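S.K.: Let's see this in three dimensions:
(chains A and B)
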Amino acid sequence: MQEFVERIRRVVAQHSGLAPAEIKIESPRESTHGDLAFPCFQLAKTQRQPPPAAAVKLAQAIAGELAGIAVVAAGPYVNFRIDRTALAQSVLGSISRRGARYGGSEEGAGQTIVLDYSSPNIGKPMHVGHIRSTIIGAALHRIFGFLGYRAVGINHLGDFGSQFGGLIVARELRRDVDLERDPVHGLLTLYQWSKEQIATDQEFAKNAAISNAVVSGVLLPAAAPLARRHDLETQAWIRTVSLDGFMRTYRRLGIEHDLIRGESYYEPFLKGTIERIEAAGVTEVSDGALVVQLGSLDKGLEKTPCLLRQSNGMTLYATRDLAALFHRWEEFHFARCLYVVGSEQKLHFRQLKAVLRRMGCDWEPKVEHVDFGLLLGPGRVKLASRKGEVLVLDDLLDEVVAEARTIIEEKNPALANKERIAEQVGIGALVFNDLKRERIKDVVFDKAEILAFEGETGPYVQYTHARLASILRKADEAGGEGAAPDWARLEDAAPILLALGRFPGVVASAAANSEPSELAQYLLALCRTLSTWLVEHRVLAEEPELRAARLLLVRGAEAVLANGLTLLGVAAPAEM
RNA sequence: GCGCCCGUAGCUCAGCUGGACAGAGCAUCGGAUUUCUAAUCCGACGGUCCCAGGUUCGAGUCCUGGCGGGCGCGCCA
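M.R.: Predicted coordinates for the structure are as follows:
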């Protein structure tokens, strides 16, 4: 596909005097106009003639030089229509050559992209609020890998916070809570109970504070009361149990990280980080706290300096993130470092970048906050992790899989591997649902929407894929006849061929914009085109040459859907 | 108050980074299955693209100012 665009661009450049880069070739909305189009408004201006005249002149000039492409001037546009045989051979040929790698490239060869995503807090269950960072980040991780980048996914666990003190004490007092069998709900129980106790029980609150000081390194274990000296062990144990729970959830969701590095990992670097920033001469002391003033670089940050150290000596979120950032830069020399974190933290990342700029780090533009909108509860209120309101992620997964199971029982009771497919379809619905909208849009958590498997959903794409896979399976069973495909008879499938040809560009654009929704939207549109075609055309029952051509088309479409779904983290079962 | 984001059909959203008559899904109504999966498809209904200016041959898309909603704003993360 891209080869046609390049050829057109080259020829237009020769005859217009415009640089190839500034020649925008677009795909007309209305298919009757052609497959590709070049608007002549700019050109008309430089040639000092009306656009339609420029279009006619250009069309006449280049018509002979584009073999296999019909050139027609239509009003102010020059439209191009690619010969169907050439189109089919080019698109289906490159899909069959590249197979599962079709859509990928080597554009990222030799470059590293660091992605920070998911990053839940140890000691608390993963709830629905973590789902967006996790799913969007993991999708981007796969997409960059597909484009040849070395993608490094980091899980920046929140294992440093003040939630530990209460949990440690609660753990000791509530041995009745079973953390072995069900760590997720067990920890949730302990967490909620400890918050209650801190509010109501002074003795508990005091012990929690001491424990917190011990695990935060403020109070040496040797100096702590006898009862609190094992806190580091308990903390490590909670971390393990908690992480086990996360890993179980990640496995179900198909989430992978390359590195699990919590905030505590960077603790040894905090001192050096502060010294480094001080050495750059950008710090000052304000009300006893160490800060970097940022107003000189960014007027909007005048009243919000970056705090590096509290007046009590403790470091802050920003300090740890800066330590991590320096560490990552030195380790990877990344081409981009993406933080997949909610938009409510925009100020924080703006501050970090401003600190880097003040320090003269020229790699500051490579650091990007890939922000996404809020997950809102019913009634558009912020979904807080307040007690009672937490919806544990695993419970949601169970629910969506149960729904898939019910629907399979209703639609396809004879299916083999029902349980496995239910898992794939249910999880697929959930994952796709989070990727189909533009990142920045707020999402109202609506269980009914997640459980709906019709319309613009993951199961719709999976279903379309399964129908194609079914045709291919039956073709294999019937045995292959070696008829030569009659490409010219794929005329009625031109919209599909054009869409399949666009796939690599869509993947590249989704990566460039860190926007998986571009890929999700593309897949939905492709499925609509395919579904319409499928009701009007047969494949297996046709005469050999037509059958062969359509089989190649189906094979190509199946591959693109499978590749696209896989990139998003949605399974592509052959039957459902 | 200041900073940033969002505003397209009753609802949820696309709209290829400024191009041809603004498109889907859901909901409502009406159709399609002796034939490769009806989790599908076709049709109908539904729009002052929040408002007002501006830039441009051309604006849903860019700029300015409003209006409405959201998020954030020094010792939490």
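
S.K.: quick one, strands of the stretch 401-550 of chain A?
M.R.: A:443-444 (DSSP state E, counting those that start in this stretch).

S.K.: Pick out the residue in it sitting closest to RNA strand B.
M.R.: Proximity of the stretch 401-550 of chain A to RNA strand B (C-beta to the nearest atom of the strand) peaks at residue A:455, 2.3 Å away. No exception for glycine: its C-beta is placed from N, CA and C like everyone else's.

S.K.: Phi, psi for that residue please.
M.R.: Backbone torsions of residue A:455, given as degrees, to the nearest 10, read phi 80, psi -140.

S.K.: Same check on residue A:340?
M.R.: With angles defined as degrees, to the nearest 10, residue A:340 sits at phi -90, psi 90.

S.K.: what do you get for residue A:260?
M.R.: The phi/psi pair for residue A:260 (degrees, to the nearest 10) reads phi -110, psi 110.

S.K.: Give the burial count for it, as a bare number.
M.R.: 17 (other C-beta atoms under 10 Å).

S.K.: which non-adjacent residue is nearest it?
M.R.: In space, and not counting its chain neighbours, residue A:260 is closest to residue A:155: 4.6 Å by C-beta to C-beta, 6 or more residues apart in numbering.

S.K.: Pull the contacting residues for that neighbour.
M.R.: Residue A:155 is in contact with A:117-119, A:257, A:259-261, counting by C-beta atoms under 8 Å, 6 or more residues apart in numbering.

S.K.: again, but for residue A:556
M.R.: A:91-92, A:95-96, A:500.

S.K.: Could you check stretch A:336-353 and say which residues are buried?
M.R.: A:336-341, A:348-353 (16 or more other C-beta atoms under 10 Å).

S.K.: To clarify, my last question referred to stretch A:157-177.
M.R.: A:157-161, A:163-171, A:177.

S.K.: hang on, the earlier thing: for the buried residues of stretch A:336-353, which one is nearest residue A:68?
M.R.: residue A:336 (38.3 Å; C-beta to C-beta).

S.K.: For the nearest residue to that closest one once chain neighbours are set aside, give me its contacts.
M.R.: Using C-beta to C-beta, 6+ apart and skipping the chain neighbours, the partner closest in space to residue A:336 is residue A:113 (4.9 Å). Contact analysis of residue A:113 by C-beta under 8 Å, 6+ apart lists A:144, A:149-152, A:334-338.

S.K.: mind checking the SS state of residue A:113?
M.R.: State at residue A:113, reduced to three classes by DSSP: H, G, I helix; E, B strand; the rest coil: strand.

S.K.: Can you give me the distance of the residue nearest to residue A:260 to RNA strand B?
M.R.: Distance from residue A:155 to RNA strand B, counting by C-beta to the nearest atom of the strand, to the nearest Å: 14 Å.

S.K.: Quick check on that residue: phi, psi?
M.R.: phi -100, psi 100.

S.K.: Okay, it and residue A:491: tell me how far apart.
M.R.: Distance, residue A:155 to residue A:491, by C-beta to C-beta, to the nearest Å: 50 Å.

S.K.: Report the buried residues of stretch A:249-268.
M.R.: For stretch A:249-268, burial by neighbour count (16+ other C-beta under 10 Å) applies to A:249-250, A:252-255, A:257, A:260-267.

S.K.: Kindly report the same for stretch A:88-100.
M.R.: In stretch A:88-100, counting by 16+ other C-beta under 10 Å, buried: A:88-92, A:94-95.

S.K.: Find the residue closest to residue A:225 in space, skipping its chain neighbours.
M.R.: Closest to residue A:225 by C-beta to C-beta, 6+ apart is residue A:210, at 6.6 Å.

S.K.: can you tell me the helix or strand for the one you found?
M.R.: Residue A:210 is part of helix A:202-215 when elements are defined by DSSP states H and E.

S.K.: Summarise which helices and strands the very next helix or strand once past that helix is packed against.
M.R.: As assigned by DSSP H and E, the chain's next helix or strand after helix A:202-215 is helix A:231-253. Contact analysis of helix A:231-253 by 3 or more C-beta pairs under 8 Å, 6 or more residues apart in numbering; DSSP states H and E lists helix A:131-146, helix A:163-173, helix A:183-200, helix A:202-215, helix A:393-411, helix A:418-435 as its packing neighbours.

S.K.: CSV please, covering the ones you listed and showing mean pLDDT and distance to RNA strand B.
M.R.: Converted to CSV, the helices and strands packed on helix A:231-253 look like this (pLDDT from 0 to 100; distance: least, C-beta to the nearest atom of the strand, whole Å):
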stretch, mean pLDDT, distance to RNA strand B
helix A:131-146, 97, 12
helix A:163-173, 86, 9
helix A:183-200, 85, 14
helix A:202-215, 86, 10
helix A:393-411, 94, 4
helix A:418-435, 96, 5
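
S.K.: Save these as CSV, and put in distance to residue A:107 too.
M.R.: Below are these laid out as CSV (distance: least, C-beta to C-beta, whole Å):
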stretch, distance to residue A:107
helix A:131-146, 10
helix A:163-173, 42
helix A:183-200, 40
helix A:202-215, 45
helix A:393-411, 34
helix A:418-435, 22
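
S.K.: Alpha carbons of the helix or strand where residue A:44 lies, as CSV, please.
M.R.: Assigned by DSSP H and E, residue A:44 falls within helix A:41-47. The C-alpha trace of helix A:41-47 is given here as CSV (Å, rounded to 0.1, in the frame of the first residue of the first chain):
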residue,chain,number,x,y,z
PHE,A,41,-5.3,23.9,-3.6
GLN,A,42,-1.7,24.6,-2.6
LEU,A,43,-0.4,23.8,-6.1
ALA,A,44,-3.0,26.0,-7.7
LYS,A,45,-1.8,28.9,-5.6
THR,A,46,1.8,28.6,-6.6
GLN,A,47,0.8,28.2,-10.3
